[in-house]
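Trainee: just coords:
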């Protein structure tokens, strides 16, 4: 690879800026940077959008960006009242709902509604983050790198520049700043944000509504899930962020979304505005082949084993169901998505499509001597590095899924193993809370079964060269299962009383000695040590080479396609995607309508299936057709709808906005047939699934009797401009 010239980086940057200024229309696909949306306006307005780029993003006046938050660490939320009332998905707020639940007050099963603001529940460690401003700082990040030759020297200078930019951007403020790379480090943006830490639970429907269909329907269409929860942001008397205090007041919103209940129809413009997590739409064919042949099958198999154990226990014991509800949902989400992704990539012949693109790329490269010098080895090096990393990637995926995320006991081991030897009273209390939280949602028998089965898989699938010798010997023993069970059962990790006693006494040294001598802790310690020594270093080396090669490849694509708009991969920064309300054809002879109704919920009702138990009151409202002002023109109660917006993980909870800037839905999922959109977008089958706002309002008003919440929202019954 010869492409190391900083002048070439600057050339690519200039081409990148030019590419934004040249509009090549292709609808639906793309997650666009809001500060540059004026380049998309022509297409958006052709599709029906009636506002301007300035209405979406502005630093000079309130705009849509001011009504959207990063909810927690990986979801989106939007403001729906001037008093800080915020809506996101039920599954985004699930952890908070669960944390307030017990056998005596089971908010997961019964739902929760604060009937006044004094009843709203605080949530430790929950934050929401507003974007104040984003700006292109590529030139500043690259400043002073012209004369540098080595990659390390360039990286060091860029790191220094980034630190300086972040510091200067927030001097004298309470804001936070972060520079993030785009287009595989071919462009950089600075993000200035404001974080609020007092966020309280206001309302959530019972899981029978908020998770209706559960894991059976997850990623599927038609959906009938009331996937929403309500929170409120609190601030100090100056409307600034403050830690939880009874004296805090509701946040005064600079922007909130009016809710349009006049109805939606097929072909209507839709826009999703939120924080998509990760996409990899510019991968090489060898990477996609590895996903299809190795990575997804491995991860699906591990989680399948874990889910079967949890499911059996949850169905047999109500307390375990509460304890493991969030864990099960978290584990199953990617498990099912990977399966749909796998089928979609195969159906689209993704590897062959990429090979065709790479053939075109190779022809473009060899047609010019300079391009041949800069990019001539890019494709061959992809082949080489992906071949070399394959075994290490397998070992890493198994380590991540089995050791790091496999069992609860490993999580507790990590907590205890990282305890400081000298600990303050406040640190002791913090660690106690962590451990109490751990044991609150823990069942020994369930975790023991998961541990035994996953250890067997780890030994079977990970090459012995990457495993500790004693671990291999233990698992090769004819009574391996019994030995594993005995080690687990006698472990300190199953003795909360001993842990609390040593923690309370402040005798951390003794506690850490017990951890060191514990056989179960020893297994985890040896697996971690072996991974670090035998896998991690080489994996990181090869992965870094792949990342560098991907950077060069992306730079070449930007140069090659300088008359096209190329959107950057998602990286949990605020993005806009747009499309239309529309159904789709998932298979021959099957044609999906774009919306679902309450009738479909009643049709699925089955008391013997946990995912399909319809609450009695909902059945009564259906029988009486008591829908208030929320029915559609046919008299049906709409529940969910599909549209052709390009979304990803992190878009959960994102507002679905109409042509006039009003809220018509809350994004919560994608259709299974289109989950490969993180890698390859299919406009015919990729559909985002959203909750219809009319169903949310119906549930708040008619089901929960919490109409006082609706009183603080702005409800539009006519399709008027909401800007």
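Mentor: Noted; the coordinates are in hand. Keep in mind the model is a prediction, meaning the values are calculated, not measured. Numbering: from 1, shown residues only.
Trainee: in this protein, which segments are predicted with low confidence?
Mentor: 1-28, 719-723 (pLDDT under 70).
Trainee: Remind me which helix or strand residue 497 belongs to.
Mentor: helix 496-505 (DSSP states H and E).
Trainee: That helix: how far from the chain's middle?
Mentor: Centre-to-centre, helix 496-505 and its host chain are 36 Å apart (C-alpha atoms, centre = their mean, to the nearest Å).
Trainee: What is whichever helix or strand comes after that helix packed up against?
Mentor: Remark: after helix 496-505, the chain's next helix or strand is helix 508-517, criterion DSSP H and E. Secondary-structure packing of helix 508-517 (3 or more C-beta pairs under 8 Å, 6 or more residues apart in numbering; DSSP states H and E): helix 408-417, helix 496-505. For glycine as for every other residue, the C-beta is placed from the backbone atoms N, C-alpha and C.
Trainee: Include mean neighbour count when you put the ones you listed into JSON lines, please.
Mentor: Output for these, formatted as JSON lines (neighbours: other C-beta atoms under 10 Å):
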{"stretch": "helix 408-417", "mean neighbour count": "20"}
{"stretch": "helix 496-505", "mean neighbour count": "14"}
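Trainee: In a markdown table, list those helices along with distance to residue 370.
Mentor: Formatted as a markdown table, those follow (distance: least, C-beta to C-beta, whole Å):
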| stretch | distance to residue 370 |
| --- | --- |
| helix 408-417 | 51 |
| helix 496-505 | 64 |
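Trainee: Point out the one among those helices that comes closest to residue 595.
Mentor: helix 408-417 (40.4 Å; C-beta to C-beta).
Trainee: Next, the angle from the following helix or strand past that closest one to helix 496-505.
Mentor: As assigned by DSSP H and E, the chain's next helix or strand after helix 408-417 is helix 425-440. On the basis of axes from the mean of the first three to the mean of the last three C-alpha atoms, to 10 degrees, helix 425-440 is oriented at 170 degrees to helix 496-505.
Trainee: After helix 425-440, heading C-terminal, what element do we hit next?
Mentor: With DSSP H and E, the next secondary element past helix 425-440 is helix 444-461.
Trainee: any idea how far that next one is from the chain center?
Mentor: With C-alpha atoms, centre = their mean, you get 27 Å for helix 444-461.
Trainee: Show me the contact partners of that helix.
Mentor: With contact meaning C-beta atoms under 8 Å, 6 or more residues apart in numbering, helix 444-461 is reached by 298, 301-302, 305-306, 309-310, 313, 320, 324, 394, 398, 402-403, 406-409, 467, 471-472, 475-476, 480-481, 484-485, 488-489, 494, 523, 527.
Trainee: Buried ones from these, can you make that a PyMOL selection?
Mentor: Applying 16 or more other C-beta atoms under 10 Å to those, the buried members can be selected in PyMOL as follows:
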select buried, resi 298+302+305+306+309+310+313+320+324+394+398+402+403+406+407+408+409+467+471+475+480+484+488+494+523+527
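Trainee: Could you tell me which of the contacts of helix 444-461 are located in helices?
Mentor: If you go by DSSP state H, the contacts of helix 444-461 have 298, 301-302, 305-306, 309-310, 313, 320, 324, 394, 398, 408-409, 471-472, 475-476, 480-481, 484-485, 488-489, 523, 527 in helices.
Trainee: OK, contacts around residue 664?
Mentor: By C-beta under 8 Å, 6+ apart, the residues touching residue 664 are 259, 260, 264, 270, 656, 657, 658, 692, 693.
Trainee: and the two most separated of the residues you listed?
Mentor: 259 and 270, at 14.6 Å, using C-beta to C-beta across the contacts of residue 664.
Trainee: out of these two, which sits in the busier spot?
Mentor: Between residue 259 and residue 270, residue 270 has the larger neighbour count (other C-beta atoms under 10 Å), namely 28 against 23.
Trainee: any idea how far the nearest residue to the more buried one once chain neighbours are set aside lies from residue 687?
Mentor: Leaving aside its sequence neighbours, residue 270 sits nearest to residue 643 (C-beta to C-beta, 6 or more residues apart in numbering; 4.4 Å). Distance of residue 643 to residue 687, computed by C-beta to C-beta, to the nearest Å: 7 Å.
Trainee: cool, and residue 178?
Mentor: Applying C-beta to C-beta, the value for residue 178 to residue 687 is 32 Å.
Trainee: Pick out whichever of the two has more residues nearby.
Mentor: When residue 178 and residue 687 are compared for neighbours, residue 687 comes out ahead with 31 against 16, by other C-beta under 10 Å.
Trainee: thinking that one is in contact with residue 669, fair?
Mentor: No - when contacts are counted by C-beta atoms under 8 Å, residue 687 is not listed as touching residue 669 (9.5 Å).
Trainee: thinking again about what came up before, from the contact counts, what lies against the helix holding residue 497?
Mentor: In this structure, helix 496-505 packs against helix 425-440, helix 508-517, with contacts taken as 3+ C-beta pairs under 8 Å, 6+ apart.
Trainee: Is residue 670 bridged to anything, and to what?
Mentor: Beta-bridge pairing of residue 670 under DSSP bridges involves residue 688.
Trainee: burial count for it?
Mentor: Neighbour count for residue 670, taken as other C-beta under 10 Å: 27.
Trainee: In contact with it, which residues?
Mentor: Residue 670 touches 219, 647, 677, 686, 687, 688, 689, counting by C-beta under 8 Å, 6+ apart.
Trainee: Give the buried residues for stretch 121-135.
Mentor: 122, 123, 126, 127, 128, 129, 130, 131, 132, 133, 134.
Trainee: Stretch 146-156 too?
Mentor: The neighbour-count check on stretch 146-156 (16+ other C-beta under 10 Å) flags 148, 154 as buried.
Trainee: Over to stretch 513-521?
Mentor: In stretch 513-521, counting by 16+ other C-beta under 10 Å, buried: 514, 515, 518, 520, 521.
Trainee: between those residues, which is closest to residue 630?
Mentor: Taking the buried residues of stretch 513-521 together and measuring to residue 630 by C-beta to C-beta, the closest member is residue 520, at 53.8 Å.
Trainee: Test my guess that that closest one contacts residue 488.
Mentor: Yes - with contact defined as C-beta under 8 Å, residue 520 counts as touching residue 488 (5.6 Å).
Trainee: which residues sit in contact with the closest residue to residue 423 other than its chain neighbours?
Mentor: Distances taken as C-beta to C-beta, 6+ apart place residue 508 nearest to residue 423, at 5.4 Å, with adjacent residues excluded. By C-beta under 8 Å, 6+ apart, residue 508 lies in contact with 419, 420, 421, 422, 423, 502.
Trainee: Hmm, residue 676 is touching residue 349, no?
Mentor: No - the pair residue 676 / residue 349 is not scored as a contact, 11.5 Å apart, by C-beta under 8 Å.
Trainee: Who has more neighbours out of these two?
Mentor: Between residue 676 and residue 349, residue 676 has the larger neighbour count (other C-beta under 10 Å), namely 26 against 12.
Trainee: Regarding that one, what are the backbone dihedral angles?
Mentor: Note on residue 676: its backbone torsions stand at phi -80, psi 0 [degrees, to the nearest 10].
Trainee: cool, and residue 591?
Mentor: phi -130, psi 110.
Trainee: Please tell me how far it sits from residue 620.
Mentor: For residue 591, the distance to residue 620 equals 33 Å [C-beta to C-beta].
Trainee: Taking the chain centroid, which residue in the chain is the extreme one?
Mentor: Largest separation from the mean C-alpha position in the chain: residue 369, at 42.8 Å (C-alpha atoms, centre = their mean).
Trainee: how about the nearest residue to residue 362, chain neighbours excluded?
Mentor: Leaving aside its sequence neighbours, residue 362 sits nearest to residue 379 (C-beta to C-beta, 6+ apart; 6.1 Å).
Trainee: show me what contacts that neighbour?
Mentor: Taking C-beta under 8 Å, 6+ apart as the definition, contacts of residue 379 comprise 284, 358, 361, 362.
Trainee: which of those are buried?
Mentor: 284, 358, 361.
Trainee: Toward the C-terminus, what is the element adjacent to the helix or strand where the second one lies?
Mentor: Using DSSP H and E, residue 358 falls within helix 350-366. Counting by DSSP H and E, the next helix or strand C-terminal to helix 350-366 is helix 369-375.
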